[in-house]
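Colleague: Coordinates only, no sequence provided:
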């Protein structure tokens, strides 16, 4: 494994342990989603965002320039988080570190239901996953960073 991959995995794993709430409710989900939209507007990015609490879609919005295809990507990335209990980018990077270039086949999942791309992050109360926040429209790293920044801001507020 090259040092850059190891650094990325270390960062993503650390994020997973840091991004944990004492409580997370509907208003928090709405706030996280709105933060992603606000950040994207400030940076002139085209983005779609969704936040689930359990299986309930609590917040969804899309800026001009996105399409219904972004909704599909968000659903597929969120499925990765729900199944593997990790940020979608962390799962993708772990697979890449093992030399796996087709994670769907390696994990024996339907690629029409699972997208091993960045942008989806688990919402946790303590260690328990209670939801997912996800963005689509730019690229894996930017989408992941936007969601993480929004979740961090929500944590700092609470």
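Modeller: That came through fine. Remember, it's a predicted structure, so these values are computed and weren't measured experimentally.

Colleague: What's opposite the residue nearest the centre of the chain in the beta bridge?
Modeller: The centroid of the chain falls nearest to residue 120 when counting by C-alpha atoms, centre = their mean (1.4 Å). On the basis of DSSP bridges, residue 120 is bridged to residue 134.

Colleague: which element is residue 69 on?
Modeller: For residue 69, the enclosing helix or strand under DSSP states H and E is helix 68-84.

Colleague: Which other helices and strands does that helix contact?
Modeller: strand 48-53, strand 56-62, helix 88-97, strand 120-125, strand 128-136 (3 or more C-beta pairs under 8 Å, 6 or more residues apart in numbering; DSSP states H and E). Using the backbone N, CA and C atoms, a C-beta is placed for each residue, glycine as well.

Colleague: what does it rub up against?
Modeller: Outside helix 68-84, the residues that touch it by C-beta atoms under 8 Å, 6 or more residues apart in numbering are 48-50, 52, 60, 62, 87-88, 91, 109, 112-122, 129, 132, 134-137.

Colleague: where does this structure dip in pLDDT?
Modeller: For the chain, applying pLDDT under 70 flags the ranges 1-5.

Colleague: can we see that at 90?
Modeller: Counting by pLDDT under 90, the chain has low-confidence residues at 1-8, 95-114, 116, 158.

Colleague: what's the spacing between residue 90 and residue 16?
Modeller: The gap separating residue 90 from residue 16 is 7 Å, by C-beta to C-beta, to the nearest Å.

Colleague: and those two? which has more neighbours close in?
Modeller: residue 90 (24 against 17; other C-beta atoms under 10 Å).
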